[in-house]
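**Student:** Sequence and computational prediction follow.
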Amino acid sequence: MKKRTTNYMITLLLVLGCITVLFPLYMTIIIAFKQPAEMTNDIGGVLAFPSSWSLANFAEAIRVTDFWHSLFNSLIITVATIVLSILIHSVAGYVIGRNMMEKKSYKFLYFYIVSGMFVPFAILMMPLVKQTSEMGLDNRIGVILLYIVFYMPMNVMLYSGYLKNIPLAMEEAAEMDGASTWTAYWKVLFPMMAPMHATVAILTALGTWNDVMTPLVILSGDSGTTLPLAQLNFQTQFGTNYNLAFASYLLALIPILIFYIICQKQIINGVANGAVKG
Amino acid sequence: MKKRKSMNHKDRTFLLMILPIVAIFFLFNTLPLIRGAVYSFTNYKGYGSYDWVGIRNYIDLFTDIRVGKSYLFTFKYAVSGMILVNVISIMLALALTAKIRIKSTLRGIYFLPNILGGLIVGYIFSFIFTYIIPSIGTALNIGWMQNSILASERYAWIGVLIVGVWQAVAMNTIIYISGLQTIPAEIYEAGMIDGAGAWKTFSSLTLPMLMPFVSINLVVSTKNMLMVFDQIVSLTKGGPAQSTESISYLIYRNGMGGGQFGFQSANAVIFFIVIVAISLCQMWMTNKREEQL
């Protein structure tokens, strides 16, 4: 077969198409650095470079939105959710995946948990708000717990699907050497599922980091905010100062942008993996 | 004898491992689902005492204009969104798997909208719709562009749709790219020998091979679009005149703050049934198509 030559036409179209993605980001950066006086009414005034690249807006936005505190909350919730999801969901995926072929009860359990994917948050929301406050869980721990439950269907499906590629002989060999099922799992199988851990971590991270609805309804007043929630509160209080607002949006976007720039390949692979296996 | 004992022991370990996990799942997924269904038969306001009202909430749902409007908006949004997202992302995926320069950079850029939070993206687009586009309209003297689309009762939903599609395309494109990569090159060579043109190759070779991925994408994008919430909060808050109030947003707004806990629980139960029915329908339809091919 003759070697296909580079298609410059498509390359050019794709590069032009990038404007639709990059323009909103460009605009955000430009406005975040400007002063309100520079925001003239014509389009050029809004999109031109700022007269000076001053960080004043960012300093003010950090102060007003209590940025470090909400960043800390977001980080703690996301990291705890990822770690616990990997530990708990992989065990669930393992036990269900290894038993569902022979045992009807485990097959049922699989469908019971996976069907949770179709339950919209809207129906759980109101009862959960009551339930978490009754149980004293209207705080970060409650949000983490709920995320573990919400991501369980997807992750159990991913883990038990991945397990089909790992032969039973692996843990049987370890058990022959005298290891219990429990130790054999953590020593042998858990490390072997590393590629799936990465996929689960990425999918769970993207979902929890950007989620607004759960912390919005679950977190009570004094337990602080997450990064997206801080933007929502900020908007209702100071929505008219666009320069301050955009500085605040940019600050909220920076952590995930850095994460994306560093792990772009892993993130894209992880997402594709999750969708294809699922 | 020994073998049987060790099997039992293993089964017990399995049970001990899974039971606490299932218990948590039941406690925070199934139990609230049941509680929600129970509340839907009451006139509970979210506080104070309440009475059983039987199926009154369900009867009222079908005559409530605001609920009807929210279903209309949500379906209009989800159906147009699903079509647009899938058409655009198939085209993008084809382009991004063609022989092009700076392939990984381009893929990286087109995936970017997926990692950004819907709320902040909504705020950024809200500024574009209210300031940037009208000022372009004024400069070029184009009438319909001079007012914000989000302020129009008739067209605000299109503004929300643009933002929803802008974000959702990224994810679906990646799924289609991985789908296209599973198609072996020999199939295309065979097609070329048969003299198939570009469209013929796409419609009778690429698309059928891509069907499993189309089915994933249809289910995922429809479900996500039906549950639209963040974009509504940041773009329109359901306005103007409740023309962009999605079902999720209505349940949140009136159920949590409007004293309609019981009534909106009934709404949520119906919404849940609708989502399950649509997802099952889509899976059944795409499965049937896959078998035919």
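**Tutor:** Arrived safely, thanks for sending. This one's a predicted model, so the numbers in the text were calculated from it and none came from an experiment.
**Student:** Once you drop chain neighbours, what's closest to whatever residue of the stretch 101-250 of chain B ends up closest to chain A?
**Tutor:** Of all residues in the stretch 101-250 of chain B, the one sitting closest to chain A is residue B:117 (3.5 Å; CB to the nearest CB). Backbone N, C-alpha and C define where each C-beta goes, glycine included. Nearest residue to residue B:117, sequence neighbours excluded (CB to CB, 6 or more residues apart in numbering or on different chains): residue A:210, at 3.5 Å.
**Student:** what do you get for residue A:166?
**Tutor:** residue A:192 is the one closest to residue A:166 (CB to CB, 6+ apart), at 5.7 Å.
**Student:** Backbone dihedrals for that neighbour, please?
**Tutor:** phi -70, psi -20 (degrees, to the nearest 10).
**Student:** per-residue pLDDT, it?
**Tutor:** We have a pLDDT of 90 for residue A:192.
**Student:** if you average pLDDT over whichever helix in chain A runs longest, what comes out?
**Tutor:** Secondary structure of chain A per DSSP state H: the longest helix is helix A:242-277. For helix A:242-277, mean pLDDT rounds to 86.
**Student:** ok, now stretch A:64-76?
**Tutor:** Average pLDDT, stretch A:64-76: 90.
**Student:** For the helix or strand hosting residue A:110, give me every contacting residue.
**Tutor:** Assigned by DSSP states H and E, residue A:110 falls within helix A:104-114. The contact list for helix A:104-114, computed with CB atoms under 8 Å, 6 or more residues apart in numbering or on different chains, reads A:92, A:95-96, A:99-101, A:152-153, A:156-157, A:160, B:18, B:22, B:25.
**Student:** ok, the closest residue to residue B:78 other than its chain neighbours to residue B:252 distance?
**Tutor:** Excluding its sequence neighbours, the residue lying closest to residue B:78 (CB to CB, 6+ apart) is residue B:225, at 4.0 Å. Distance, residue B:225 to residue B:252, using CB to CB, to the nearest Å: 17 Å.
**Student:** So for stretch B:73-82, mean pLDDT?
**Tutor:** Stretch B:73-82 carries an average pLDDT of 94.
**Student:** and stretch A:35-50, how far apart are its ends?
**Tutor:** Stretch A:35-50 has its terminal residues 8 Å apart, counting by CA to CA, to the nearest Å.
**Student:** tell me which residues of it are tucked away?
**Tutor:** Neighbour-count burial for stretch A:35-50 flags A:38, A:43, A:46, A:50 (criterion: 16 or more other CB atoms under 10 Å in any protein chain shown).
**Student:** could you redo these as TSV and give each row secondary structure and pLDDT?
**Tutor:** Formatted as TSV, the buried residues of stretch A:35-50 follow (DSSP: H, G, I helix; E, B strand; the rest coil; pLDDT from 0 to 100):
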residue	secondary structure	pLDDT
A:38	helix	80
A:43	helix	72
A:46	helix	76
A:50	coil	83
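**Student:** nearest to chain B, of these?
**Tutor:** Among the buried residues of stretch A:35-50, and counting by CB to the nearest CB, the member closest to chain B is residue A:43, at 4.6 Å.
**Student:** Next, count neighbours for the nearest residue to that closest one once chain neighbours are set aside.
**Tutor:** Computed as CB to CB, 6+ apart, the closest residue to residue A:43 that is not its neighbour in sequence is residue B:135, at 4.6 Å. Applying other CB atoms under 10 Å in any protein chain shown, we find 20 residues neighbouring residue B:135.
**Student:** do the one 3 residues further on as well
**Tutor:** By the measure other CB under 10 Å, the count of residues near residue B:138 is 15.
**Student:** just residue B:165 next, same as before
**Tutor:** Neighbour number of residue B:165 under other CB under 10 Å is 23.
**Student:** so what pLDDT did it get?
**Tutor:** 95.
**Student:** looking at it, it is touching residue B:85, isn't it?
**Tutor:** Yes. With contact defined as CB atoms under 8 Å, residue B:165 reaches residue B:85; the gap is 5.5 Å.
**Student:** hang on, the earlier thing: backbone dihedrals for the residue nearest to residue B:117, please?
**Tutor:** phi -90, psi 0.
**Student:** Show me how far the helix holding residue A:110 is from its chain's centre.
**Tutor:** 26 Å (CA atoms, centre = their mean, to the nearest Å).
**Student:** Run a quick neighbour tally on the residue nearest to residue A:166.
**Tutor:** As a burial measure, residue A:192 scores 14 neighbours (other CB under 10 Å).
**Student:** And the one 4 residues further on, by the same measure?
**Tutor:** Around residue A:196 there are 24 other residues, counting by other CB under 10 Å.
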